[in-house]
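Colleague: Please find the sequence and the predicted model below.
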Amino acid sequence: MVKGIPLDGRLCLRHVKCYFRSKVLLNDNYENGEHTMNKTIYAVAVGMIALTCTGRAAEAATPYVRASGGLAILSSAERSYDSGYALNGAAGLNSGPYRIEAELGYKKNDISHSSASVSMMTYMANGYYDLELPVAPVKPFIVAGVGVANIEDKIGSFVSASDTVLAFQVGAGAAFSVAPMVNLDAEYRYFATSDPELTGHQLYSIGTHNVSLGLRVGF
């Protein structure tokens with residue numbers, strides 16, 4: 001607490017500090033001449049810093065962790081895939097009805113009629129809006145996120161090609177309260193990326209439909 005400065009002033013000071021911290025992170029990487037995609041990764045991270053530094057999040061938010069897993073159906077115009085799986089872990093802040101979080105994910109699908117597969121590590125910044133229902137243990141929500149994905153073509157454990165690209169996701173779901181500060185999340189998401197350059201230096205379209213169940217625990 002800064003004595004002699006009203007609450008609104010202290011929040012503005014916090015915003016200014018976060019802004020300049022973000023600028024320093026980005027400027028350092030531009031001066032070092034890093035790859036454009038690395039700059040994008042830093043920009044996503046900076047966005048999360050800025051979000052968590054907002055006055056509302058800093059003063060009123062409740063932290064939580066979340067883990068989920070489910071079915072991933074990958075579609076592409078260039079080749080066909082078998083159904084696969086998606087795993088996600090996240091840490092966030094809940095300031096009801098809004099939530100923000102940083103998410104780490106992994107998806108894998110086998111390429112049909114082949115011993116090869118496609119896997120993705122995803123790094124996303126997500127925002128949620130929770131819809132309040134009167135006298136109901138169920139809370140619907142919508143979600144949108146942006147970030148990056150590292151996509152790999154594999155034959156067994158051998159990586160034949162990989163690329164890192166921009167990614168986004170949108171979805172909706174419902175949270176079921178199972179205990180104080182504990183929710184079971186049922187969710188659908190559509191996840192897509194810009195076209196990665198993979199096997200044969202060919203560009204592939206990537207879009208996945210994901211259905212999952214997750215557990216979210218607040219503190």
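Modeller: Happy to help now that I have it. Residues are numbered from 1 along each chain as shown.

Colleague: so where's this protein uncertain?
Modeller: Residues of the chain meeting the criterion pLDDT under 70: 1-59.

Colleague: if we go to 50?
Modeller: Counting by pLDDT under 50, the chain shows low-confidence ranges at 1-13, 15-20, 22-34, 36, 52, 55-58.

Colleague: ok, and the closest non-adjacent residue to Asp195?
Modeller: With CB to CB, 6 or more residues apart in numbering as the criterion, Asp195 has its nearest non-adjacent residue at 4.2 Å, and that residue is Leu203. The C-beta positions use only the backbone N, C-alpha and C, and glycine is treated the same way.

Colleague: for Val178, same thing?
Modeller: In space, Val178 is closest to Leu184, 5.3 Å off (CB to CB, 6+ apart).

Colleague: From Ala175, how far out is that neighbour?
Modeller: Applying CB to CB, to the nearest Å, the value for Leu184 to Ala175 is 7 Å.

Colleague: Okay, domains of this protein per the record?
Modeller: 1-60, 61-218 (automatic domain parsing).

Colleague: Pick the most buried one from these.
Modeller: Per-stretch averages of neighbours, counted by mean count of other CB atoms under 10 Å, single out domain 61-218 among these, with a mean of 16.

Colleague: by contact count, what packs against the longest strand seen in the chain?
Modeller: Assignment by DSSP state E gives strand 158-179 as the longest strand of the chain. The elements that strand 158-179 packs onto, with contact taken as 3 or more CB pairs under 8 Å, 6 or more residues apart in numbering; DSSP states H and E, are helix 36-52, strand 116-130, strand 138-155, strand 182-193, strand 206-218.

Colleague: Enumerate every residue touching Leu203.
Modeller: Listed by CB atoms under 8 Å, 6 or more residues apart in numbering, the contact partners of Leu203 are Asp195, Pro196, Glu197.

Colleague: Kindly state the beta-bridge partners for the last one.
Modeller: Spelled out, that is Glu197. Listed beta-bridge partners, Glu197: Leu203 (assigned using DSSP bridges).

Colleague: which residues does the residue nearest the centre of the chain contact?
Modeller: Residue closest to the average C-alpha location in the chain (CA atoms, centre = their mean): Met124, at 2.5 Å. Met124 makes contact with Val44, Ala102, Glu103, Gly105, Gly145, Val146, Gly147, Ala167, Gln169, according to CB under 8 Å, 6+ apart.

Colleague: looking at the sheet around the nearest residue to it once chain neighbours are set aside, what are its partners?
Modeller: Spatial nearest neighbour of Met124, excluding adjacent residues (CB to CB, 6+ apart): Gly147 at 3.6 Å. Note on Gly147: beta-bridge partners by DSSP bridges are Met124, Ala167.

Colleague: now could you export just the CA positions of stretch 185-202 as CSV?
Modeller: The C-alpha trace of stretch 185-202 is given here as CSV (Å, rounded to 0.1, in the frame of the first residue of the first chain):
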residue,chain,number,x,y,z
ASP,A,185,-16.3,-28.4,-16.3
ALA,A,186,-17.8,-29.9,-19.4
GLU,A,187,-16.6,-28.1,-22.5
TYR,A,188,-16.5,-27.9,-26.2
ARG,A,189,-13.8,-26.0,-28.0
TYR,A,190,-12.8,-25.3,-31.6
PHE,A,191,-9.1,-24.9,-31.9
ALA,A,192,-7.3,-23.8,-35.1
THR,A,193,-3.9,-22.5,-36.2
SER,A,194,-2.3,-20.6,-39.1
ASP,A,195,-1.0,-23.1,-41.6
PRO,A,196,2.2,-25.0,-40.5
GLU,A,197,4.9,-26.1,-42.8
LEU,A,198,5.3,-29.8,-42.2
THR,A,199,6.2,-33.0,-44.1
GLY,A,200,7.5,-32.3,-47.6
HIS,A,201,7.7,-28.5,-46.9
GLN,A,202,3.9,-28.4,-47.5
